[in-house]
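**Student:** Build me a model from this:
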Amino acid sequence: MILIWKRDYGCYPNTTRGQCKKSNPKHFHRSPVYIKDKSIDNLLNKKNQKERINRLFNSGLPDKQRYIEFYFGKEIKILDDKQIIRLAEFYNTQFENLCIEKANYLRRLVIEEYAKKIQGLSDVALRSIFSFRFDDAVRKVETQDHRALTVSNLNRTKSEIREYKDTHKSFDNIHQESYDKLFNFIDEHIEFSTLISRKKRISYIKYKEGSTILEPKSWLYENIRYAFPKQDNFPINNTLLSWFLYNDTPNCKEISKLDNDLRKRQVVKRIYFSTLLMFNYRISKLTIEDFKEKGIDLIKKDLDDLRQKISYIIYYFIFSKFYSTSYVSNTTSKGQKVGKDYWTPEYFVIRAVFFAIIEANNGKPLTFKEIKRKIGFTLERYIYEGYGIVESYNELSKCLKNLTNNRPKNSDIHVFKNAQRILEEYSIIYYARHRARKEELGEYDSDFERDFHDFLQKEVSPLFIYDKPLIDAIGKREIISKDRNNNIVAKKVHNLLHYDFYLKLTREIRKCLGLDKKWKGIAVEGQSRYWHEMDDHIKRDKFKQTISTQENIILINIWYYMNKDEWLQQFRSQLEAQTGIEISQSKINNLKNYFGKS
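**Tutor:** Just a heads-up that it's a prediction; the model follows:
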């Protein structure tokens, strides 16, 4: 069992109570999290796993490239808008040329094999060979009025040739050879034309209104299309791609889910995170037999490469900024700017747990709302809101055990084992990332605290100190206050309560700012969305405010989401509101001049 102490940007793993207190007593009051599954030390004994993670963190916090190498082995090439457009134009041109080529070849067969060899005609007028204008049908393909000869025209051609054969019984081997050539090619052409009637075009590119930039959905579908092996030397059509992704098989009067998703009103809508993971799950479950049924031959290595590439395309789509509302947060819930790539390990945990839940649901799709009703918490919040996973480690571990123990008989046990392995690996990655993050931040718990302390020291006073215990600031260990029943009681001030930043007000500082001598100091608290919205932290913040008011300490709150340009204005306005004295910029400048910082 491992005791993990929570910190302002997560937890402090693999640390004893005494070590935590000694290294940073400010955060010793955080609630502990217990990881019960396996000891981190035992996990670290897995040599290959340890070496891989060490390589990941051997130069501090990993960047995008190192995460890609860790999870995918190498960076996988994807197509940009220009490449997709060029490929679409190329294959559509090839497709049109093929249609014309097949129509012309059939015309030559009809003239050479049927008119000349079978009927014995020397001067052939193509329009007079059949009861319909066969020459017009070919001409419409050449002028691209029609994509290909229609199935009805081909069946009519075959029917009239067969009728001629049945009425003219006297023919030799040469005639039979010509008949075989005609029938075989017409049958092949019928199959081709049937495919053409569904395909129409190779790609259905959708552009953002008034631009040459692809809609995000169009970019995603085209990258996935070109990742798949070709069918009849051409990229797969929308109907087949929709089956691979959505498992739908529309009849002739219906359109596929993918085609519906590319309609004008639908194509601009943001694709759901759960839908993207469902695509990934569907591809991971495809077999060689599935492809054979669709007329595509491939070997196991090709299938493994396809799964890897689709996984990377979906990962890239989720971690890029295709929509104004991102799937992944750039910051932690505490306001630290860490970048989207920081959440890569959390993403792979979410994906693995999602796969296990879908596998337990017999492969049927579920939204995150439906998953929440099943397991009691929302998966995507870990990277969308920047919470991380470590505090829900036990819940996720318990969830996976329940899914594994109650899985359907026909489910794949490897999906559940893989999810457990990735969750265990995450605990090690978190530990290594925590150390790398701590080395980068030094004494601070976040970029926000580091930057704000630097701001206070440069723009207000270099005497602002970081992490000031309340008992040192007020000079006492208990205060007198009133309880709920309005009784006067003595309340102990815990030695673990700290101000984030504190400036002791001397006579000279008060004079520069024009403050009364009753004021003891200025305290600043950096507020974040996570810690300071939890019930116990709200109570603690209220207690801090009570102490500050009673002890004449000016308590200023600065929220993590404020821009740096707002910091000084917020500092001045809150100072004015609590003291009733105007704090002009000239007074701040006086203070800076006093310390020689102007």
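**Student:** where does the stretch 151-300 of the chain have low pLDDT?
**Tutor:** 169-171, 195-203, 252 (pLDDT under 70).
**Student:** which stretches of it form strands?
**Tutor:** For the stretch 151-300 of the chain, no strands are identified by DSSP state E, counting those that start in this stretch.
**Student:** For Thr344, which residues are in contact?
**Tutor:** 62, 64, 67, 71, 319 (CB atoms under 8 Å, 6 or more residues apart in numbering). To be clear about C-beta, it is placed using only N, CA and C from the backbone, and glycine gets the same treatment.
**Student:** same thing but at 6 Å, please
**Tutor:** The contact partners of Thr344, taken as CB atoms under 6 Å, 6 or more residues apart in numbering, are Tyr67.
**Student:** Rounded mean pLDDT for the helix or strand containing it, please.
**Tutor:** Take DSSP states H and E as the rule and Thr344 turns out to sit in helix 344-360. Averaging pLDDT along helix 344-360 gives 95.
**Student:** list the buried ones in the helix or strand just after it?
**Tutor:** Later in the chain than helix 344-360, the nearest helix or strand by DSSP H and E is helix 368-375. Neighbour counts over helix 368-375 (16 or more other CB atoms under 10 Å) mark 368, 371, 375 as buried.
**Student:** where does the protein dip in pLDDT?
**Tutor:** 1-47, 124-127, 169-171, 195-203, 252, 334-335, 528-536, 596-598.
**Student:** List the buried residues for stretch 473-484?
**Tutor:** 473-474, 479.
**Student:** Secondary structure and distance to Asp259 added to the residues you listed, as CSV?
**Tutor:** Below are these laid out as CSV (DSSP: H, G, I helix; E, B strand; the rest coil; distance: CB to CB, whole Å):
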residue, secondary structure, distance to Asp259
Ala473, helix, 66
Ile474, helix, 69
Ile479, strand, 69
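**Student:** Among the residues you listed, which one lies nearest to Lys504?
**Tutor:** Proximity of the buried residues of stretch 473-484 to Lys504 (CB to CB) peaks at Ala473, which lies at 7.8 Å.
**Student:** Quick check: the gap between that closest one and Leu220.
**Tutor:** In this view, Ala473 and Leu220 are 55 Å apart by CB to CB, to the nearest Å.
**Student:** the helices in the stretch 251-400 of the chain, which residues?
**Tutor:** Under the criterion DSSP state H, counting those that start in this stretch, helices of the stretch 251-400 of the chain are mapped to 257-261, 264-267, 273-284, 288-293, 300-319, 344-360, 368-375, 381-384, 393-405.
**Student:** outside of the first one, which residues touch it?
**Tutor:** Contacts of helix 257-261 from elsewhere in the structure, counted by CB under 6 Å, 6+ apart, are 238, 241-242, 246, 248.
**Student:** Narrow those residues to those that are buried.
**Tutor:** By 16+ other CB under 10 Å, the contacts of helix 257-261 give 238, 241-242, 246 as buried.
**Student:** And the residues you listed, which is closest to Cys512?
**Tutor:** Tyr246 (68.2 Å).
**Student:** contacting residues around the closest one?
**Tutor:** Neighbours of Tyr246 in contact, by CB under 6 Å, 6+ apart: Lys257.
**Student:** And for Pro408?
**Tutor:** Residues near Pro408 by CB under 6 Å, 6+ apart: Asn362.
**Student:** That one and Arg373: what is the separation?
**Tutor:** Pro408 is 19 Å from Arg373, by CB to CB.
**Student:** and the buried residues of stretch 473-484 as JSON lines, adding distance to Asp232?
**Tutor:** Listed next are the buried residues of stretch 473-484 as JSON lines, based on distance: CB to CB, whole Å:
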{"residue": "Ala473", "distance to Asp232": "78"}
{"residue": "Ile474", "distance to Asp232": "81"}
{"residue": "Ile479", "distance to Asp232": "82"}
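**Student:** now, which of the residues you listed sits nearest Ile84?
**Tutor:** Ala473 (61.1 Å).
**Student:** if I pick the closest one, what's in contact with it?
**Tutor:** Taking CB under 6 Å, 6+ apart, one finds 502, 521 in contact with Ala473.
**Student:** How about Glu222: what's its closest non-neighbour residue?
**Tutor:** Distance criterion CB to CB, 6 or more residues apart in numbering; nearest residue to Glu222, sequence neighbours excluded, is Ile84 at 4.6 Å.
**Student:** From the chain's centroid, how far away is stretch 496-507?
**Tutor:** 42 Å (CA atoms, centre = their mean, to the nearest Å).
**Student:** if we look at that stretch, which residues are touching it?
**Tutor:** Contacts for stretch 496-507 (CB under 6 Å, 6+ apart): 26, 28-29, 456, 461, 463-465, 467-470, 473, 519, 521-526.
**Student:** Filter those residues down to just the buried residues.
**Tutor:** When the contacts of stretch 496-507 are checked for burial by 16+ other CB under 10 Å, the buried set is 26, 28-29, 456, 461, 464-465, 467-470, 473, 519, 521-526.
**Student:** Which ones among those map onto strands?
**Tutor:** Among the buried ones among the contacts of stretch 496-507, DSSP state E puts 465, 467-469, 521-526 in strands.
**Student:** Tabulate those residues in JSON lines, adding columns for distance to Phe130.
**Tutor:** Listed next are those as JSON lines, based on distance: CB to CB, whole Å:
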{"residue": "Ile465", "distance to Phe130": "97"}
{"residue": "Asp467", "distance to Phe130": "93"}
{"residue": "Lys468", "distance to Phe130": "98"}
{"residue": "Pro469", "distance to Phe130": "99"}
{"residue": "Gly521", "distance to Phe130": "101"}
{"residue": "Ile522", "distance to Phe130": "98"}
{"residue": "Ala523", "distance to Phe130": "96"}
{"residue": "Val524", "distance to Phe130": "91"}
{"residue": "Glu525", "distance to Phe130": "89"}
{"residue": "Gly526", "distance to Phe130": "85"}
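**Student:** Tell me the one among these nearest to Tyr393.
**Tutor:** Gly526 (26.2 Å).
**Student:** Provide a list of residues in contact with the closest one.
**Tutor:** 448-449, 452, 500, 558.
**Student:** Could you do Trp519 as well?
**Tutor:** Counting by CB under 6 Å, 6+ apart, Trp519 touches 505, 552.
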